[in-house]
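Engineer: my questions concern the predicted model and sequence given below.
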Amino acid sequence: MRLFIAGLLVLTFVTPAEATLREADPAYLATIVDDLPPGLPRDLAAHERALAMPQAPRAPLAPPATIPRAQAEYEANHGILIRWGNYNALHTAMVVPLTTADPPSDVFVVVSGSAQQASATSVLQGGGADMAHVHFTTATTDSVWIRDYGPRFIDDAGRRAIADHTYNRPRPNDDLFPGVFGGQLGETVYAMPLVHGGGNFHLFRDRDAYMTRLIANENPSLTEQQIRDTYLAYQGLDVTLTDPFPVSYDSTQHIDMWMLPLGDDKVLIGDYAASEGGGVPKAVTDATATLMQSRGYTVYRTPGWRSGGTHYTYTNAVIVNQVVLTCRFGGSNAARDAQALATFQAALPDHEIVPVDCSGIIGQAGAIHCIVMHVPDLLFRDGNDPE
């Protein structure tokens with residue numbers, strides 16, 4: 001094993017004969033203004049700390065009758081789901097290459113109404129997005145962090161369905177969104193009896209899945225085995241729980257801030273230097289890297305560090321079919337940016353790696369993986385059971 005340090009939404013997939021991936025012009029991105037006030041952070045805003053956090057999940061809906069399958073992000077996807085309003089320049093930087101790739105991926109955009117849809121259309125068109133692959137749906141939401149509250153799709157006996165959890169934030173509209181979206185799609189929504197934030201979750205095609213023990217801390221009435229049993233019943237997964245980072249280092253304690261599955265047998269894990277305050281993060285990531293190697297994975301490493309109260313990471317990236325959207329931070333981090341880019345290129349040589357500027361979002365305890373949710377095809381393309 002090698003260790004590398006370095007109304008009803010109609011879903012259509014159209015592949016043009018010719019398509020060339022484009023990237024939005026940075027000068028144009030600099031002109032984009034958000035159409036909502038500054039958004040909520042990925043952790044808790046100051047006023048939310050006085051609100052009642054979810055104490056227990058909603059009443060569950062019985063799990064699927066047969067063991068379902070959750071799809072890994074690196075598998076073939078119809079596209080991604082995003083929520084418009086905040087970080088519109090960053091969203092544009094992501095949507096343009098995805099919709100102009102060969103083949104293109106579709107992007108489903110949650111808007112608050114017709115006015116915001118018109119604004120989003122204008123912005124995305126101006127950036128060079130292929131609007132034939134942009135679809136809008138209307139819903140009321142509270143925040144941009146759709147990875148944490150959005151619909152987790154599963155293959156339910158050959159039909160696409162949604163496995164939903166109670167969002168671990170006092171944001172009721174976000175928490176309700178998967179049910180609203182599932183209703184728009186006409187898909188079954190299975191309510192899981194867990195309080196959870198969806199970024200604390202990663203999986204591989206063979207049903208191997210990983211989370212930090214944040215999930216256990218937020219569901220104190222359940223044993224770790226009961227949590228694992230719940231994921232087996234609702235998503236068909238074999239979950240491994242790891243230690244989390246301290247909240248003083250990463251306020252979310254989500255695994256997507258330091259891990260990213262890259263393929264069936266390879267994974268990216270953050271690399272934290274003890275000399276830069278790594279401490280527990282170094283111990284957690286090194287232990288997980290060793291565990292993954294022992295399970296047959298090739299482990300790649302990219303830098304992770306904390307500076308000025310912010311946790312910086314490159315694992316919070318997005319793989320959508322043949323395009324990989326990665327973070328870059330610029331300035332004094334240019335050397336780290338280059339190291340991370342080289343690692344992605346080595347790990348995924350058949351993919352198009354597109355770095356996007358995340359310097360404006362990383363201070364909110366998240367990055368690009370946190371603001372998208374993958375949308376598999378109506379019938380999963382790789383629908384064969386991996387077992």
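Structural biologist: Looks like it came in fine. As the structure is a prediction and not an experimental result, all values here were calculated from the model.

Engineer: C-alpha from now on. contacts and neighbour counts both.
Structural biologist: OK.

Engineer: buried sites along stretch 184-199?
Structural biologist: Buried residues in stretch 184-199, defined by neighbour count with 16 or more other Cα atoms under 10 Å: 184-185, 187-199.

Engineer: one more: stretch 323-332?
Structural biologist: Neighbour-count burial for stretch 323-332 flags Val323, Val324, Leu325, Thr326, Cys327, Arg328, Phe329 (criterion: 16+ other Cα under 10 Å).

Engineer: what about the nearest residue to the first one once chain neighbours are set aside, distance to Gly270?
Structural biologist: Of all residues not flanking Val323 in the chain, Glu352 sits nearest, at 4.8 Å (Cα to Cα, 6 or more residues apart in numbering). Going from Glu352 to Gly270 by Cα to Cα, to the nearest Å gives 21 Å.

Engineer: for the buried residues of stretch 184-199, which one is nearest Tyr297?
Structural biologist: Closest approach between the buried residues of stretch 184-199 and Tyr297, by Cα to Cα: Gly199, at 21.3 Å.

Engineer: near the residue lying closest to that closest one once chain neighbours are set aside, how many other residues are there?
Structural biologist: The shortest distance from Gly199 to any non-neighbouring residue, by Cα to Cα, 6+ apart, is to Asp148 (5.2 Å). By other Cα atoms under 10 Å, the residues close to Asp148 number 29.

Engineer: same thing with Asn333?
Structural biologist: Using other Cα under 10 Å, the number of residues around Asn333 comes to 12.

Engineer: next one: phi and psi at it?
Structural biologist: phi -100, psi 10 (degrees, to the nearest 10).

Engineer: could you do Leu81 as well?
Structural biologist: With angles defined as degrees, to the nearest 10, Leu81 sits at phi -110, psi 130.

Engineer: which residues does it bridge with?
Structural biologist: Taking DSSP bridges as the rule, Leu81 bridges to Phe108, Met373.

Engineer: thinking again about what came up before, which pLDDT value belongs to the residue nearest to Val323?
Structural biologist: Per-residue confidence (pLDDT) for Glu352: 97.

Engineer: quick one on the thing from earlier: tell me the pLDDT at the residue nearest to Gly199?
Structural biologist: At Asp148, the predicted lDDT confidence score is 98.

Engineer: could you do Leu262 as well?
Structural biologist: If you check Leu262, the pLDDT there is 98.

Engineer: please apply the same query to Val134.
Structural biologist: On the pLDDT scale, Val134 gets 98.

Engineer: now the residue lying closest to it once chain neighbours are set aside: how far from Leu378?
Structural biologist: Using Cα to Cα, 6+ apart and skipping the chain neighbours, the partner closest in space to Val134 is Val107 (5.0 Å). Val107 sits 15 Å away from Leu378, going by Cα to Cα.

Engineer: helices of the stretch 201-350 of the chain, residue ranges please.
Structural biologist: 214-217, 224-235, 279-294, 334-347 (DSSP state H, counting those that start in this stretch).

Engineer: tell me which residues are up against stretch 165-175.
Structural biologist: With Cα atoms under 8 Å, 6 or more residues apart in numbering as the test, stretch 165-175 has contacts from 44, 48, 51-54, 57-58, 140-143, 146, 148-150, 191-197, 218.

Engineer: distance from the chain centre to that stretch, please.
Structural biologist: Computed by Cα atoms, centre = their mean, to the nearest Å, the chain-centroid distance of stretch 165-175 equals 16 Å.

Engineer: can you give me the end-to-end span of it?
Structural biologist: The first and final residues of stretch 165-175 sit 8 Å from each other (Cα to Cα).

Engineer: could you point out which element follows the helix or strand bottoming out on mean pLDDT in the chain?
Structural biologist: Lowest on mean pLDDT, DSSP states H and E among the helices and strands of the chain sits strand 3-5, with a mean of 41. Next helix or strand after strand 3-5 toward the C-terminus (DSSP states H and E): helix 26-29.

Engineer: what is that next one packed up against?
Structural biologist: If contacts are counted by 3 or more Cα pairs under 8 Å, 6 or more residues apart in numbering; DSSP states H and E, helix 26-29 sits against helix 88-100.

Engineer: quick check, distance from stretch 283-302 to the centre of its chain.
Structural biologist: Counting by Cα atoms, centre = their mean, stretch 283-302 is centred 20 Å from the centre of its parent chain.

Engineer: export that stretch as CSV, just CAs?
Structural biologist: Extracted in CSV, the C-alpha atoms of stretch 283-302 (Å, rounded to 0.1, in the frame of the first residue of the first chain):
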residue,chain,number,x,y,z
ALA,A,283,-3.4,11.7,15.8
VAL,A,284,-6.9,11.2,14.4
THR,A,285,-5.9,11.5,10.7
ASP,A,286,-2.8,9.4,11.1
ALA,A,287,-4.7,6.6,12.8
THR,A,288,-7.4,6.7,10.2
ALA,A,289,-4.8,6.6,7.4
THR,A,290,-3.3,3.5,9.0
LEU,A,291,-6.7,1.9,9.4
MET,A,292,-7.5,2.6,5.7
GLN,A,293,-4.2,1.2,4.5
SER,A,294,-4.9,-2.0,6.6
ARG,A,295,-8.2,-2.3,4.8
GLY,A,296,-6.6,-2.2,1.3
TYR,A,297,-7.0,1.5,0.4
THR,A,298,-4.2,3.6,-1.1
VAL,A,299,-4.1,6.7,1.0
TYR,A,300,-3.3,10.2,-0.4
ARG,A,301,-2.6,13.1,1.9
THR,A,302,-3.1,16.9,1.5
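
Engineer: could you give me the buried positions within that stretch?
Structural biologist: Buried-residue list, stretch 283-302, by 16+ other Cα under 10 Å: 283-286, 288-289, 292-293, 297-302.

Engineer: can you redo those residues as CSV with distance to Val247 and pLDDT?
Structural biologist: Below are these laid out as CSV (distance: Cα to Cα, whole Å; pLDDT from 0 to 100):
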residue, distance to Val247, pLDDT
Ala283, 15, 96
Val284, 14, 97
Thr285, 15, 98
Asp286, 19, 97
Thr288, 19, 98
Ala289, 21, 98
Met292, 24, 98
Gln293, 27, 98
Tyr297, 28, 98
Thr298, 29, 98
Val299, 25, 98
Tyr300, 25, 98
Arg301, 22, 98
Thr302, 21, 98
